[in-house]
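Enquirer: Sequence first, predicted coordinates after that:
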Amino acid sequence: MPQLSPKAAAAWLAELAASFMKSPENDLHMPEGHEPAFGLPLVGFAAGDDPLWDAYKEHVGPFHWTPMEAFALRYPQEKGGEISSSELVVMSWILPQTEATRRDHVKEKEMPAHRWARARIFGEEFVNNGLRKYILSALEAKGIQAAAPMLLKEWTRMPSEKYVIASTWSERHAAHAAGLGTFGLCDGLITPVGKAMRTGSVIVRLPVAINKRPYANHREYCLYFSSGSCGVCIQRCPAGALSFKGHDKIACRDYLQNITAPYVTSTWHFKGYGCGLCQVGVPCEKGIPKAKIRSRRGQEVRTARCCP
Ligand code: SF4
Ligand code: SF4
């Protein structure tokens, strides 16, 4: 492969992701026939030696991998110090839920819409995982080393002092590092295409142009954290798992396991679960929400992003 500039490498990788998502592989597996599971991807890149990865060890837990640690699991021979974390780049993507899926899901109050449940199970298994595998094979075909942390057999969930449950690699944290979004009150990642999305990543050993994060803190896009307003996601949660104190992960998990999983199986006859009611019907559903600025007479005079 001819040597690409970092900028050209970023464009090539983004185009690979887009071409996969335009292919028939992007399929919701509806009984009626083909329908895209997700919209076109938003792609970002984070440096393998970004200090944020070490910060995640404190913030998420010491078990959360740095890109180097995940890469070394895929290529144990590289562990001996021949490769530096500065040679690695994390390619992250956001796969927005389609308008059809969001439109159905927003009508629901307690259970996932059919399309949403399919996007959660088949979209993750065939499309998000398919994209991970597609990027890996395209890179490996050109002799470029790459690893998808979520596809490593070592990936697992762990008990976390701060978050109750966390994992050895968080796709949302990778996307945040790559400049693709900030966390909302419900823990979902608010991105330029909204919070109703799936996200994935691959670690690449290639010089790629890095995205400068367009935010100053990890809560910046959420209206509650930036201006004390909103909290609409709290009202959308049927499990009482959301409050102004944040996300009760145990209550959320119990609702998914005990309520939505049996519902999906008995209603549509596939093994699955999913809720995500807090991801639609909210100001951050399909974009970065704007704060309404009102005049003294109570008239809305303009809208603006809450934080510079
Ligand atoms: S619905 Fe409002 S409070 Fe909840 S995450 Fe979105 S912006 Fe934040
Ligand atoms: S996924 Fe469902 S149960 Fe969990 S916080 Fe969101 S709305 Fe509540």
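Expert: Noted; the coordinates are in hand. Ligands and ions are numbered 1, 2, ... in the order given.
Enquirer: ok, now which ones touch the residue in the stretch 51-200 of the chain positioned nearest to ligand 2?
Expert: Nearest residue of the stretch 51-200 of the chain to ligand 2: residue 186, at 5.3 Å (C-beta to the nearest ligand atom). (Each C-beta comes from the backbone N, C-alpha and C, glycine too.) With contact taken as C-beta atoms under 8 Å, 6 or more residues apart in numbering, residue 186 is in contact with 195, 233, 237, 242, 247, 278-279.
Enquirer: Switch the residues you listed over to a markdown table; also include secondary structure, distance to residue 54 and pLDDT.
Expert: What follows is the contacts of residue 186, written out as a markdown table (DSSP: H, G, I helix; E, B strand; the rest coil; distance: C-beta to C-beta, whole Å; pLDDT from 0 to 100):
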| residue | secondary structure | distance to residue 54 | pLDDT |
| --- | --- | --- | --- |
| 195 | coil | 27 | 98 |
| 233 | helix | 30 | 98 |
| 237 | coil | 33 | 98 |
| 242 | strand | 30 | 98 |
| 247 | strand | 24 | 94 |
| 278 | helix | 30 | 98 |
| 279 | helix | 30 | 98 |
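Enquirer: Closest to residue 127 out of these?
Expert: Distances from residue 127 to the contacts of residue 186, taken as C-beta to C-beta, are shortest for residue 279 (17.2 Å).
Enquirer: For the residue nearest to that closest one when sequence neighbours are not counted, report the pLDDT, please.
Expert: Once flanking residues are discounted, residue 279 sits nearest to residue 196: 4.3 Å by C-beta to C-beta, 6 or more residues apart in numbering. Each residue has a pLDDT score; the one for residue 196 is 98.
Enquirer: again, but for the one 4 residues further on
Expert: pLDDT, residue 200: 98.
Enquirer: Around the nearest residue to residue 97 once chain neighbours are set aside, how many other residues sit close by?
Expert: Nearest non-adjacent residue to residue 97, counting by C-beta to C-beta, 6+ apart: residue 196, 4.2 Å away. For residue 196, the neighbour count with other C-beta atoms under 10 Å is 25.
Enquirer: same check, this time on residue 122
Expert: 17.
Enquirer: can you check residue 281 too?
Expert: By other C-beta under 10 Å, neighbour count at residue 281 equals 18.
Enquirer: mind listing what it touches?
Expert: So residue 281 contacts 106, 232, 236 (C-beta under 8 Å, 6+ apart).
Enquirer: For the second one, give its distance to residue 220.
Expert: Spelled out, it's residue 232. 18 Å (C-beta to C-beta, to the nearest Å).
Enquirer: And for residue 278?
Expert: 19 Å.
Enquirer: and what of residue 168?
Expert: 26 Å.
Enquirer: show me what contacts the closest residue to ligand 2 within the stretch 101-250 of the chain?
Expert: Residue nearest to ligand 2 within the stretch 101-250 of the chain (C-beta to the nearest ligand atom): residue 237, separated by 3.3 Å. Contact partners of residue 237, counting by C-beta under 8 Å, 6+ apart, are 186, 252, 277-278.
Enquirer: What about ligand 1: which of the contacts of residue 281 touch it?
Expert: Checking those against ligand 1 by C-beta under 6 Å from any ligand atom, the ones in range are residue 232.
Enquirer: Let me know the secondary structure of residue 204.
Expert: strand (DSSP: H, G, I helix; E, B strand; the rest coil).
Enquirer: Please tell me I have it right and it contacts residue 142.
Expert: No: applying C-beta atoms under 8 Å as the test, residue 204 and residue 142 come out as separate, 10.9 Å apart.
Enquirer: Looking at these two, which one has more neighbours?
Expert: Legend: neighbour count by other C-beta under 10 Å for residue 204 and residue 142, higher for residue 204 (25 against 12).
Enquirer: May I have the residues that are in contact with that one?
Expert: Per C-beta under 8 Å, 6+ apart, neighbours of residue 204: 13, 88-91, 139, 144-146.
Enquirer: Residue 74 too?
Expert: Applying C-beta under 8 Å, 6+ apart, the residues contacting residue 74 are 145, 147, 152.
Enquirer: Reformat these as CSV; add neighbour count.
Expert: Shown next, in CSV, are the contacts of residue 74 (neighbours: other C-beta atoms under 10 Å):
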residue, neighbour count
145, 18
147, 23
152, 16
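Enquirer: List the ones among these that fall in strands.
Expert: Per DSSP state E, strands hold the following members of the contacts of residue 74: residue 147.
Enquirer: Check the burial of residue 35 by counting its neighbours.
Expert: Residue 35: 15 neighbours (other C-beta under 10 Å).
Enquirer: One more: residue 215?
Expert: By other C-beta under 10 Å, neighbour count at residue 215 equals 17.
Enquirer: Let me know the pLDDT of the nearest residue to it once chain neighbours are set aside.
Expert: Leaving aside its sequence neighbours, residue 215 sits nearest to residue 182 (C-beta to C-beta, 6+ apart; 5.3 Å). Looking at residue 182, its pLDDT is 98.
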